[in-house]
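Trainee: How does the following fold in three dimensions:
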Amino acid sequence: MHQEHTAMKVCTDACLFGAWAAQDPQIQTAQKILDIGSGTGLLSLMLAQKSTATMTAIEIEAGAFKQTKANFEASPWCDRLLVEHIPIQDYAANFQQLLYDCIITNPPFYEGDLTSPDAAKNVALHSVALPWEELAKAAGELLQAHGAWYVLVPTLRAYTMQKLASNHGMQLAEEVLMYNDAKHLPIRAMLKFVKQSEASILRTKLIIKNADQSYTAEFTALLKDYYLHL
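Mentor: Reported below is the predicted structural model:
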């Protein structure tokens, strides 16, 4: 996985998010999957290993688009991986007929924080170019009736994303809180939204490291097909 041209580097929480989504039967049986804000192309490549779906990635930042394209072309699944250099707002407005079985997003989430002199890093990390309201609207427009939208967000903003998704016809079906270890508060929430109303929400947690800083059995089970040394 090359990442020299993208501001948003591969990180543990994104890898865990991709592995969690990839093991969902809804992903594994999907025919068309959309990756909003692809960065390096990590999530698309992880899902491609567990699904036979065609993958379309959307990336607005030029360096990240170039990186995703190169990583896709170098992969064994290049014949069903496509990346488009376009804002998701424009893509949703012009291609509403292209409904997807599943959508996955690791969105920029800093809002009102100090920005960086690096414009590419601001696009990758701050929600200026992609406000969550516009993201949820696009996901709602591009998701088919029985589809699922997978999103990674900071834990403290999970309810905000839940409200925005609800405003655009999607209900929370599953929430997994991600912890670095058992002693600290959760750092991320992995969310799954669906358009069909759920009778109940499946809420679980996932801990990355044991007390001795070794990886937990659950983390290892999810990532063993992607990490070379687990």
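
Trainee: At the geometric centre of the chain, which residue do we find?
Mentor: Computing the C-alpha centroid of the chain and ranking residues by CA atoms, centre = their mean puts Thr105 first, at 3.0 Å.

Trainee: contacting residues for the residue nearest to that one when sequence neighbours are not counted?
Mentor: Setting aside the residues directly before and after it, Thr105 is nearest to Ile36 in space (CB to CB, 6 or more residues apart in numbering), at 4.4 Å. The C-beta positions use only the backbone N, C-alpha and C, and glycine is treated the same way. Residues in contact with Ile36 (CB atoms under 8 Å, 6 or more residues apart in numbering) are Ile58, Ile88, Ile103, Ile104, Thr105, Pro107, Leu135, Ala138, Ala139.

Trainee: any idea how far Ile36 is from Phe109?
Mentor: According to CB to CB, to the nearest Å, Ile36 and Phe109 sit 13 Å apart.

Trainee: Would you agree Glu134 is in contact with Asp90?
Mentor: No - between Glu134 and Asp90 there is no contact under CB atoms under 8 Å: 10.8 Å.

Trainee: so Ala139 is in which element?
Mentor: With elements taken from DSSP states H and E, the one containing Ala139 is helix 132-142.

Trainee: Which of the residues in that helix are classified as buried?
Mentor: Within helix 132-142, the residues that count as buried by 16 or more other CB atoms under 10 Å are Trp132, Glu134, Leu135, Ala136, Lys137, Ala138, Ala139, Gly140, Glu141, Leu142.

Trainee: pLDDT of that helix, averaged?
Mentor: The predicted model gives helix 132-142 an average pLDDT of 97.

Trainee: one step back: can you put the buried residues of helix 132-142 in a markdown table and add distance to Trp77?
Mentor: Shown next, in a markdown table, are the buried residues of helix 132-142 (distance: CB to CB, whole Å):
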| residue | distance to Trp77 |
| --- | --- |
| Trp132 | 30 |
| Glu134 | 29 |
| Leu135 | 26 |
| Ala136 | 28 |
| Lys137 | 30 |
| Ala138 | 25 |
| Ala139 | 23 |
| Gly140 | 28 |
| Glu141 | 27 |
| Leu142 | 21 |
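
Trainee: re the thing from before, please name every helix or strand in contact with the helix holding Ala139.
Mentor: In this structure, helix 132-142 packs against strand 32-36, helix 88-94, strand 100-105, helix 158-167, with contacts taken as 3 or more CB pairs under 8 Å, 6 or more residues apart in numbering; DSSP states H and E.

Trainee: right, and these - which one's nearest Leu185?
Mentor: helix 158-167 (12.6 Å; CB to CB).

Trainee: just checking, what packs against the closest one?
Mentor: helix 132-142, strand 143-154, strand 171-179, strand 188-194.

Trainee: how far out from the middle of the chain is the last one?
Mentor: Relative to the mean C-alpha coordinate of its chain, strand 188-194 is positioned 9 Å out (CA atoms, centre = their mean, to the nearest Å).

Trainee: List the neighbouring strands of that strand plus their orientation.
Mentor: For strand 188-194, the paired strands and their directions (DSSP bridges) read strand 143-154 (antiparallel), strand 171-179 (antiparallel).
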